Structure formats: structure tokens, C-alpha cells
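Peer 1: Have a look at this prediction, sequence included:
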Amino acid sequence: MRALASLLVLCLSLPGLAVAGARDVPAGGGVLAQAIEMAGAGDSLRLGPGQHQGGFEITRPLTIDCATGAVIDAGGQGSVLTLSAPDVTVQGCTIVGSGSDHEALDSGIRLLKGADDARILDNHLSGNLYGVDIHGARNAKVAGNVIEGRRDHRMNARGNGVYLWDARGAEVVGNDIRWGRDGIFVNTSHSNAFVGNRFRDLRFAVHFMYANKAEVRGNLSIGNHLGYAVMFSKGLKLLNNVSLGDAQHGVMLNYTNSSEVRGNLVKNGSDRCLFVYNAHKNQITGNRFERCSIGVHFTAGSERNAISGNAFVGNRTQVKYVGSKWLDWSDDGIGNYWSDFAAYDLNGDGLADTAYRPNDSMDHILWTQPSARLLLGAPAVQLVKWAQSAFPALLPGGVIDKAPLMQPVDIAIPDWETRHDG
């Protein structure tokens, strides 16, 4: 009876629902679903404060604009809102109460094939299995949302903050994403942009699988297991992102080809700042890798990568590379900065006058036989290390920087963190 009374108030106060325009929708029962069913294409529904029952599909172009205190709740079943029509906007709403079915991808908001040009703006999506699922929709924009995932499952059993599958032209901008599995997971989706988001308490901040020609720019990853994981993808731009205290890797390039990694800051990682595995023809320039256990781990036959203009600062091991041939990490006469290199520059051109070789054969032995660390202080080991530094021809191959920089690139942490602290 209460739901019917609310619906009667809605109908009496808003005559002509078939005519496009702005409509006020009071909270209670199934009033919202009825209002959507009666609305015409292009209508704008303004939800009043209080609880609105969710769990339905929007099949025509609409705008749902929530007043402060308006909550859409699916009651723990299915997705809260499912969009299958183009030009739908959901704005300023609190979205809660999705189900827990991974196979059905229960989400706060699902964008299905046909939900092109959707706008998901300035919402608070909390405790849903997935935050926003873009599943076949084109040119979606997900911007300014707070997305807080589930915390009642182990991390790998949670859903993603924003999940893209077969989605092209999406823009995911300025969102604050926390407590899911991956902040943004992109699978088989091309030509998207991920800009200015913050990620905390996640497995991966950004995770790419088979996703080409995307831009990842100006994002902030704090304290996740891994920052930016790019796998089996090409033609990407990773620009001006920050990774602070991510445990395993700040940036991982795994079967990543023909991509640009520029202007990123990775700092205070407990393992690797940069991990490059079977990745080819990438431009890795102007980044700062600072205070990790390993600055860069370079392995599995990665070839034809240009690595220059970077700063390797205060890493316990600057480079871990095991190989029998020399790799020149300078490009067009410009190398990288190495904080442990006692360099000199007599002609004042900003480049060191001698080459830098970060590893010797003893390093290779220690990586493959960790127990050999017990012998590091032995006179014979020190003699071998001195001989290789004095006579580089004795080295077995590895990384050489023929034009090291005298000054490091300086990359500031963006203001986004302080504006949204806590």
C-alpha cells in the first residue's frame, strides 16, 4: 500500500510523464522502477532523499540525477542498475546492494551492448561486487565517482572497481577506487583512456590484458600489491603516473610491445620498481625509479627497447639482468641517471665522461645462487669484482650506459593525493 501511495503521489504531482522533461521521484518501494517504465526517451528523473529500490534495466535514453541522500539499493540481488539503451546518464547517486555472482558480473552499474555514450558521473558506489562493468558498450564516460569494493571476501574473490570487456572509446577519469580486486581491469578492449584516478588497497591498480592503443595518464597508485600491470598489449601510452609503496612491481610490462612509458614515478616499492618480461620495441624514457629493492628487472629476451632519460635513485640493486650480450641503455647519446655511480663531467655537458655498468659476474652468481652471499666479504670475491671494474672486457655481458646523466629527472607527486587524502 505504501508503494502504491507513493506512486499515486508521483503521478498526481507529475502529469504527462510521456512528455520529455524533468520529473521528481520520491523514495520508497518500487516507485523508481515505475517512474522509469512510464518515462519517455530523454526524460530526466530527479531522485529525492531516501531509499530507492534498484535491480532493474534501463531500456531507453534517460537521466537519473540524485539529490543528496538518495540511495539506490538492489537488496543483495543482481546488479543495482543495468543499462542497455544509449545516452543514459546516472549522476550523483549512492549505489549499493549488488549480488555476489561473479558469473553474472553483479555490479553497481552494468553497461551492456547498446548502452553507448553512457555517462556515470559523481556517484558513490559502495560494497558492490563490481563497481562499474562496461560490457560491450561504446564511448562510455565514468568520471568523478567514489568506488569502494567488497571487503568481506579475500582479495582475489572480489570484483573490480571498473571492468571493461569489448569496450571501445571509454573514458575513466578522476575516480577514487578502493578495496576491490583490481582498480581497473581492461580485457579485449581497445582505444580507451584512464586519466587522473586514485587506487588504494587493491591487487592491481590498473590491469591490461589484450588491450591495445589505450592511454593511462596521471593516475595515482598507493599501497597496492602491484601498480600498473600491462600484459599482452601493444600501442599503449603510460604517461605521468605515480606508484607509491606498491609491494610487488610499480610498473610491469609483460609481453608488452611498441608502447611508450614516460614521465612515471615509482617510489618505495618493496620489490621491483619496473619489471620488463619478454617486452619489445618500447620507449621507456623520463621516468624515476626510486627506493625499491630492484630498480629494474629485465629478463626473458626483451629486445629493441629504448631506455634513456630515466633516474634510478637509491635502489638496493639498480638493475637485475642476466644475459650474455651487452645492452646499451642510452639512446641518441642520452643515457640515464644512476645514484650509485661516482661520475664526473669535465666538459660540463651534463653527461658523465665514463660508461656505467650496473652488474658484474658476481651479481649473476648471487641471483642464481643466493647462498653465495656468505662469500661476499671473501678476498677472492673482492679481487674478482675489482678486476671486472678495472678491466670491463672481463665482464660476461649485461647492461651498459654509455652516456649516464649527471642529474636525475625530478617528478612530483600530484596534488590529487592531498586534495582527496583519507
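Peer 2: Here it is on my side, so go on.
Peer 1: So Met231 versus Leu265, what's the distance?
Peer 2: According to CB to CB, to the nearest Å, Met231 and Leu265 sit 22 Å apart. In short, each C-beta sits where N, CA and C put it, glycine included.
Peer 1: quick one, which of these two is more surrounded?
Peer 2: Neighbour count, other CB atoms under 10 Å: between Met231 and Leu265, Leu265 has more, with 23 against 17.
Peer 1: Verify the contact between the more buried one and Asn287 for me.
Peer 2: Yes - contact criterion CB atoms under 8 Å: Leu265 and Asn287 qualify, at 7.2 Å.
Peer 1: Give the residues shared as contacts by those two.
Peer 2: Shared contacts of Leu265 and Asn287, defined by CB atoms under 8 Å, 6 or more residues apart in numbering, are found at Ile411.
Peer 1: show me where pLDDT drops low in the stretch 151-300 of the chain?
Peer 2: Within the stretch 151-300 of the chain, the ranges that satisfy pLDDT under 70 run 300.
Peer 1: All the helices of it, residue numbers only.
Peer 2: Remark: no helices are assigned in the stretch 151-300 of the chain by DSSP state H, counting those that start in this stretch.
Peer 1: Check Met38 and give its pLDDT.
Peer 2: Note on Met38: pLDDT of 92.
Peer 1: Over to Glu303?
Peer 2: Turning to Glu303, the model gives it a pLDDT of 85.
Peer 1: now do the one 10 residues further on
Peer 2: As summarised for this prediction, Val313 has a pLDDT of 96.
Peer 1: so it bridges to which residues?
Peer 2: In this entry, Val313 is beta-bridged to Glu290, by DSSP bridges.
Peer 1: Give me the number of neighbouring residues for it.
Peer 2: Neighbours of Val313 under the rule other CB under 10 Å: 21.
Peer 1: quick one: contacts for it?
Peer 2: By CB under 8 Å, 6+ apart, the contact set of Val313 is Arg288, Phe289, Glu290, Arg291, Tyr337, Ser339, Pro408.
Peer 1: for Val216, same thing?
Peer 2: Contact analysis of Val216 by CB under 8 Å, 6+ apart lists Phe194, Val195, Val206, Tyr228, Leu236, Lys237, Leu238, Leu239, Asn241.
Peer 1: same question, Leu226
Peer 2: By CB under 8 Å, 6+ apart, the residues touching Leu226 are Arg203, Phe204, Ala205, Asp246, Ala247, Gln248, His249, Met252.
Peer 1: if I look at it, how far off is Asp182?
Peer 2: Distance of Leu226 to Asp182, given as CB to CB: 9 Å.
Peer 1: what does Ala229 give?
Peer 2: Distance, Ala229 to Asp182, by CB to CB: 8 Å.
Peer 1: shared neighbours of these two, anything?
Peer 2: Phe204, Val206, His207.
Peer 1: Could you tell me the end-to-end distance of stretch 29-43?
Peer 2: The first residue of stretch 29-43 is 21 Å away from its last residue (CA to CA, to the nearest Å).
Peer 1: Would you mind listing the buried residues in it?
Peer 2: The neighbour-count check on stretch 29-43 (16 or more other CB atoms under 10 Å) flags Gly29, Gly30, Val31, Leu32, Ala33, Gln34, Ala35, Ile36, Ala39, Asp43 as buried.
Peer 1: try stretch 287-295
Peer 2: For stretch 287-295, burial by neighbour count (16+ other CB under 10 Å) applies to Asn287, Arg288, Phe289, Glu290, Arg291, Cys292, Ile294, Gly295.
Peer 1: That concludes my questions; thank you for your assistance.
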